[in-house]
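J.: This is a predicted model, with the sequence first.
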Amino acid sequence: MKIRGVELRRVAMPLVAPFRTSFGTETTRDVLLVRADTGDAEGWGECVAMAEPLYSPEYTDAAADVLRRFLVPRLAAAPHLDAYQVAGVLAPIKGHRMAKAALETAVLDAELRAAGRSFAREFGAVRDRVPCGVSVGIMDSIPQLLDAVAGYLAEGYVRIKLKIEPGWDVEPVRAVRERFGDDVLLQVDANTAYTLADARHLARLDPFDLLLIEQPLDEEDVLGHATLAKQISTPVCLDESITSARTAAAALTLGACSVVNIKPGRVGGYLEARRIHDLCAAHGVPVWCGGMLETGLGRAANVALAALPGFTLPGDTSASGRYFATDLTEPFVLEDGALAVPPGPGLGVSPLPAVLDDVTVATEWISA
Ligand code: OSB
Ligand code: MG
């Protein structure tokens, strides 16, 4: 197929509650949507870059810029194209994986919608529902945290992830264990807030039987994670450090992690995400699907990916209501702790026109 043009659409999605991590506080999700028009179909991709480069070097304005100036023109110049060729065509442009992922996803969605095939079928999904966890931000107080966790457990979430940082780690974990017991699947995410010098402190989490600790050290400190993994009993999971199947292979070989958080946006798209899944599955390494506070569009694809056989841990694929009062698509609703994998063509969901209009801040058409 041939790309006729691409629309870049900026939307502002207010969050139901501020989301605080070790790198900052989010109150509104500033999302860039990519819509690819191929003549016989249109497809959507959600760019997971955030408004500021605090989680990753990418940020929303930069993603729009690189798409407009470099990525879309390269794709438009390709005479015939299918989604599996997009990454190769865009490879000469370094980095910008979140922007590339959004464009590849839009092309893949258009292609699959035209073919009447779902993302789940395309990826090799083996489940039609995926168990869901929830990522719980840093709070002002322990009682406030316990209320939030109680609410999520009452909704049915099957796994709790606590965001941690120095000064908010052992005590919140202890409080959650004391209040909710040892059976709750519990893990923590530091978003790079520690250094190897904190190894003895992080070992104080060992008695709490956590599923994993996610990205305690700097994203480039893969070797440090390998050292840390020998000094603590909590399994180390990498998020920020895993940017491709190649970096995943290196991290596994080094012993830097024994679990991997797969975020399609961070690794350049769903096709590379599947390769990481395959690599980890071949090595017996469990994976789970991360999240970037996506709207229903990104969530639909994440849920399809999370239905692959190697996703043996619940992911950060929470219901729409955990993020937004009104989602861009028909809302994803938790049923018995799980979300249904959309069975329809492509993403299986589409933006609701009235909602989309309402939250749109700017649109731009790039003609091929
Ligand atoms: O580190 O996993 C992370 C959100 C934004 C950026 C980074 C992260 C997160 C989350 C929330 O933890 C995941 C979600 O519920 O979408
Ligand atoms: Mg993380």
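T.: It's in. Ligands and ions are numbered 1, 2, ... in the order given.

J.: For stretch 235-245, buried residues please.
T.: By 16 or more other CB atoms under 10 Å, the buried positions in stretch 235-245 come out as Pro235, Val236, Cys237, Leu238, Asp239, Glu240, Ser241, Ile242, Thr243, Ala245. Yep, even glycine has a C-beta here, placed from its N, CA and C like the rest.

J.: Show me where the protein has its strands.
T.: 5-21, 24-37, 42-47, 129-131, 133-136, 159-163, 185-189, 213-214, 236-238, 259-262, 287-289, 338-340, 360-367 (DSSP state E).

J.: what's the nearest residue to the residue of the stretch 151-300 of the chain found nearest ligand 1 if we skip its chain neighbours?
T.: Closest residue of the stretch 151-300 of the chain to ligand 1, CB to the nearest ligand atom: Gly291 (2.3 Å). Leaving aside its chain neighbours, Gly291 sits nearest to Asp316 (3.6 Å; criterion: CB to CB, 6 or more residues apart in numbering).

J.: And for Pro343?
T.: For Pro343, ignoring the flanking residues on the chain, the nearest one in space by CB to CB, 6+ apart is Ser118 at 5.8 Å.

J.: ok, now which ones touch the one you found?
T.: Leu112, Ala304, Val341, Pro342, Pro343, Gly344, Pro345, Gly346, Gly348 (CB atoms under 8 Å, 6 or more residues apart in numbering).

J.: The second one reaches Leu339, doesn't it?
T.: Yep, that's Ala304 we're talking about. No - Ala304 lies out of contact with Leu339 (CB atoms under 8 Å); the separation is 10.4 Å.

J.: what's the burial count for Arg200?
T.: By other CB atoms under 10 Å, 9 other residues sit near Arg200.

J.: got the contact list for it?
T.: Contacts of Arg200 (CB under 8 Å, 6+ apart): Gln231.

J.: Quick check: it vs Gly156, distance?
T.: 37 Å (CB to CB, to the nearest Å).

J.: ditto for Asp183
T.: With CB to CB as the criterion, Asp183 and Gly156 are 15 Å apart.

J.: Then Gly5?
T.: In terms of CB to CB, Gly5 sits 42 Å off from Gly156.

J.: same thing with His283?
T.: 32 Å.

J.: picking that back up, pretty sure Arg322 is one of the things the residue of the stretch 151-300 of the chain closest to ligand 1 touches, is it not?
T.: No - the pair Gly291 / Arg322 is not scored as a contact, 9.5 Å apart, by CB under 8 Å.
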